[in-house]
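A.B. asks: I need the structure of the sequence given here:
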Amino acid sequence: MTTGTARASRTAWWGLAVLAFPTLLSAVDMNVLFLALPRLTAELGASAAEQLWITDGYGFLVAGFVLTMGTLGDRIGRRRLLFAGAAVFAATSVVAAYSVSAEMLIAARALLGVAGATLMPSTLALIAVMFADGGPRRLAISIWATCQFAGAALGPVVGGVLLEHFWWGSVFLLALPVMAVVLVAGPFVLPEHVGDEPGRLDPGSVALSLAAVLAVIYGIKAAATATAPPAVAAVAVVAGVVAGVLFVRRQLRLAQPLLDLRLFRTPRVAIVLAALVGAGIAMAGSGFQVTQYLQTVLGYAPVAAALLFAPMGLGVAAGTLLTPVLVRRVPERVAISGGLALAAGGSLLLAFVPGDAGPAPAVVAVTVLALGTGPLFALGTGYVIGAVPVARAGAAAALADTGNYLGGALGLALLGTAAAATYRLHMSGVPGPAGETVSGAVAAPGAGPAVVDAAHAAFTAGLHAVGLTSAVVFAALAVATSRLRP
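C.D. replies: Alright, predicted model coming up:
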C-alpha cells in the first residue's frame, strides 16, 4: 500500500485543484440538459417517457452505484478507480454528444451515471488521504463541497450558453478537457491508497443496494412528477424497501460488508446523516417550487429562470467556502446548528413571498436558506469520514452522498405533494385541469384572467406551505445538531 503525505503539502493542494475538476463536472452533468431537452427531443424524436430517462437516468445511476463505487475504491485503490471512471466518462460523453437516437442517448447517459458514481466518493476519499484531520481537511472538504454545489447551480447556465452557439451535443463535450486534466496531471499529484485488507466485493450486497436505492428513488420521483401510474410508483417504493431490509440483514452477517452498519452506532454520524437527508428534503422541495414559481407565476423563460435560480446553488457554495473561517471563531456544532437556524429563517421568508412582487423575494429567500446549509455540508461530510479509518473513507463518503440523493428525491415527492395539495385546496371550486395545475389553468379553453389569477395565488399558497414545512425541518435539524460533539 502506498500513501500520500497526511500533511497539507503543496502537492496536496495541487491534487485538490485536480480533484475540483471532476467534482464540478459531475455536478454540472446532473442538470446540464435542463435547457437542451426541447432541441434534442425534436431532433431525436424522443417520447415523453424517453425524455424522463434522458434527463433523470444519469442521476438515478449515480445514486444507485455511488455506494458500491465508494467501497470498490477502498478495495482496489481510489486513484485507480478515479482514473478508470474519468476515462469511461470522457469516452461515453463523446457517444452521448453524437447520439443518433433517443435509445442511444439514454444508454450513454446511464453509462455516464455509472462512471459519475466513481468520481464523487473517489475525490472525497482521496482528500481524506491527502489532508490530515483538522483545519486543512476542513478547508479542503469545503472547497470540494463548493465545487459540487456551484456545479449544480451552473449546470443550466452553462447549458444555455453552449446552446446559444453550438448544437445540443456540445453540453457533453465539456467532459473532454476536464477528464484530460485528471488523467494527465493526476498521476503526478494524487496518491494511491488501498485498504489494508481489501477483500472482495460481495455481488449480492451490490445487487441489493442497487435495487434498494434505484427502486426507492424511482418510485418517489415517479409519484412526485406523475410520470408513472400511482400503483407502479408504490410497487417500486415497496420493492426498494424490501431490498433495503434484505441488504441490511446481509451486511450484519458478512465479515466484510459493503456498508459497515456500525457507523450508525456513533451518535454524531447518525445525527449528521439524518441532517443531510433532512436538508436535502427541504432544499430540493423549496428549490423545485421556486423554479416553477419563476416560470409559471412570474412568467420567466427557462433561461432567465435558470439565471435567477443560480444564487441558490451559489449560496450553498459560499456557505461551505466560508465555513473554515467561521469555525475559527465558534465551535463546529455551533456553526452547523446556527447555519441551519439561518436556513430556517430563509424558509420563513419563502413562506411570506408576495405573489406579485417580482423574483427578488423568492430568490433572496432561497439564497439565505442555501447559505445556512453550507456549514452542514462542509463539516458534516468530514464528521462521517472522520468516524472511520482512512481505509474505509470511500464507503463513508459514498454513504454521505447517498443521503443527499435520497433527501433530494424525498423533497420532490413530499414537499411537491404538499404544494400540489395546497393548490387543489385553493382551487377546489374550479373544475377540470385548471383545478389541478397552473399550466392547466393557463391552457384551459376560455379561461379568463380571474381563473389565471386565482391559479397563480393558489400556486403561491403552495409555495408558502413548502416554506413553512422547510422552516420546521431546518429548525428541528438545528436543535438536533446543537448536540453534536467533536
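
A.B. asks: buried sites along the strand or helix carrying residue 231?
C.D. replies: Using DSSP states H and E, residue 231 sits within helix 230-253. Residues of helix 230-253 classed as buried: 233, 236-237, 239-240, 243-244, 246-247, 250-251 (neighbour count, 16 or more other Cβ atoms under 10 Å). Quick note: C-beta positions are derived from backbone N, CA and C, even for glycine.

A.B. asks: for the residues you listed, which one is nearest residue 293?
C.D. replies: Distances from residue 293 to these, taken as Cβ to Cβ, are shortest for residue 233 (24.8 Å).

A.B. asks: Hmm, that closest one is touching residue 216, no?
C.D. replies: No. Judged on Cβ atoms under 8 Å, residue 233 makes no contact with residue 216 at a distance of 10.5 Å.

A.B. asks: burial count for residue 374?
C.D. replies: 28 (other Cβ atoms under 10 Å).

A.B. asks: what's the neighbour count on the residue nearest to it when sequence neighbours are not counted?
C.D. replies: Of all residues beyond its chain neighbours, the one nearest residue 374 is residue 319 (1.7 Å), with distances taken as Cβ to Cβ, 6 or more residues apart in numbering. By other Cβ under 10 Å, the residues close to residue 319 number 29.

A.B. asks: Could you measure from residue 319 over to residue 338?
C.D. replies: Per Cβ to Cβ, to the nearest Å, residue 319 is found 11 Å from residue 338.

A.B. asks: Look up phi and psi at residue 351.
C.D. replies: phi -70, psi -10 (degrees, to the nearest 10).

A.B. asks: How many residues are close by it?
C.D. replies: 16.

A.B. asks: ditto for residue 187
C.D. replies: For residue 187, using other Cβ under 10 Å, the count is 12.

A.B. asks: mind checking how far the host helix or strand of it is from the chain centre?
C.D. replies: For residue 187, the host element (DSSP H and E) is helix 175-189. Here helix 175-189 is found 24 Å from its chain centre; the criterion is Cα atoms, centre = their mean, to the nearest Å.

A.B. asks: For residue 269, pull up the helix or strand it's in.
C.D. replies: Per DSSP H and E: helix 267-292 holds residue 269.

A.B. asks: For that helix, buried residues please.
C.D. replies: 268-269, 271-292.

A.B. asks: Give me the helices and strands touching the helix or strand that it is followed by, please.
C.D. replies: The first helix or strand that comes after helix 267-292 along the chain, using DSSP H and E, is helix 302-326. Here helix 302-326 touches helix 135-165, helix 267-292, helix 332-350, helix 360-375, going by 3 or more Cβ pairs under 8 Å, 6 or more residues apart in numbering; DSSP states H and E.

A.B. asks: List the buried residues for helix 302-326?
C.D. replies: Here helix 302-326 shows 302-303, 305-306, 308-324, 326 as buried, counting by 16+ other Cβ under 10 Å.

A.B. asks: and it with helix 267-292, angle?
C.D. replies: Relative orientation of helix 302-326 versus helix 267-292 (axes from the mean of the first three to the mean of the last three Cα atoms, to 10 degrees): 150 degrees.

A.B. asks: average pLDDT for helix 302-326?
C.D. replies: On average, the pLDDT along helix 302-326 is 83.

A.B. asks: thinking again about what came up before, show me what the helix holding residue 231 is packed up against.
C.D. replies: Against helix 230-253 (3+ Cβ pairs under 8 Å, 6+ apart) you get helix 203-225.

A.B. asks: And the helix it packs on, what's buried?
C.D. replies: Quick answer for helix 203-225 (16+ other Cβ under 10 Å): 205-206, 208-224.

A.B. asks: for the record, mean pLDDT for that helix?
C.D. replies: Mean predicted lDDT for helix 203-225 stands at 79.

A.B. asks: May I have that helix as PDB, with CA atoms only?
C.D. replies: Provided in PDB are the C-alpha atoms of helix 203-225 (Å, rounded to 0.1, in the frame of the first residue of the first chain):
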ATOM      1  CA  PRO A 203     -22.100  -9.300  -5.600                       C
ATOM      2  CA  GLY A 204     -25.200 -10.000  -3.500                       C
ATOM      3  CA  SER A 205     -24.800  -6.800  -1.500                       C
ATOM      4  CA  VAL A 206     -24.100  -4.800  -4.700                       C
ATOM      5  CA  ALA A 207     -27.300  -6.100  -6.300                       C
ATOM      6  CA  LEU A 208     -29.400  -5.400  -3.200                       C
ATOM      7  CA  SER A 209     -28.000  -1.900  -2.700                       C
ATOM      8  CA  LEU A 210     -28.700  -1.100  -6.400                       C
ATOM      9  CA  ALA A 211     -32.300  -2.500  -6.100                       C
ATOM     10  CA  ALA A 212     -33.000  -0.600  -2.900                       C
ATOM     11  CA  VAL A 213     -31.700   2.800  -4.000                       C
ATOM     12  CA  LEU A 214     -32.900   2.800  -7.600                       C
ATOM     13  CA  ALA A 215     -36.300   1.400  -6.800                       C
ATOM     14  CA  VAL A 216     -37.000   3.800  -3.900                       C
ATOM     15  CA  ILE A 217     -35.700   6.900  -5.800                       C
ATOM     16  CA  TYR A 218     -37.500   6.000  -9.000                       C
ATOM     17  CA  GLY A 219     -40.800   5.400  -7.100                       C
ATOM     18  CA  ILE A 220     -40.600   8.600  -5.200                       C
ATOM     19  CA  LYS A 221     -39.800  10.700  -8.200                       C
ATOM     20  CA  ALA A 222     -42.400   9.000 -10.300                       C
ATOM     21  CA  ALA A 223     -45.000   9.700  -7.700                       C
ATOM     22  CA  ALA A 224     -43.900  13.300  -7.300                       C
ATOM     23  CA  THR A 225     -43.900  14.100 -11.000                       C
END
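
A.B. asks: Name the next helix or strand downstream of the helix or strand hosting residue 75, please.
C.D. replies: Counting by DSSP H and E, the element that carries residue 75 is helix 48-76. Proceeding N to C from helix 48-76, the next assigned helix or strand is helix 78-97, under DSSP H and E.

A.B. asks: mind saving the C-alpha coords of that following helix as PDB?
C.D. replies: The C-alpha coordinates for helix 78-97 follow below in PDB (Å, rounded to 0.1, in the frame of the first residue of the first chain):
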ATOM      1  CA  ARG A  78      -9.200   5.300  -5.100                       C
ATOM      2  CA  ARG A  79      -6.900   6.800  -7.700                       C
ATOM      3  CA  ARG A  80      -7.200   3.800  -9.900                       C
ATOM      4  CA  LEU A  81     -11.000   3.900  -9.700                       C
ATOM      5  CA  LEU A  82     -10.900   7.700 -10.400                       C
ATOM      6  CA  PHE A  83      -8.800   7.300 -13.500                       C
ATOM      7  CA  ALA A  84     -10.900   4.400 -14.800                       C
ATOM      8  CA  GLY A  85     -14.100   6.400 -14.200                       C
ATOM      9  CA  ALA A  86     -12.600   9.500 -15.800                       C
ATOM     10  CA  ALA A  87     -11.600   7.600 -19.000                       C
ATOM     11  CA  VAL A  88     -15.000   6.000 -19.300                       C
ATOM     12  CA  PHE A  89     -16.800   9.300 -18.600                       C
ATOM     13  CA  ALA A  90     -14.800  11.000 -21.400                       C
ATOM     14  CA  ALA A  91     -15.400   8.300 -24.000                       C
ATOM     15  CA  THR A  92     -19.100   8.000 -23.200                       C
ATOM     16  CA  SER A  93     -19.500  11.800 -23.300                       C
ATOM     17  CA  VAL A  94     -18.500  11.600 -27.000                       C
ATOM     18  CA  VAL A  95     -21.000   8.900 -27.600                       C
ATOM     19  CA  ALA A  96     -23.700  11.000 -25.900                       C
ATOM     20  CA  ALA A  97     -22.800  14.100 -27.900                       C
END
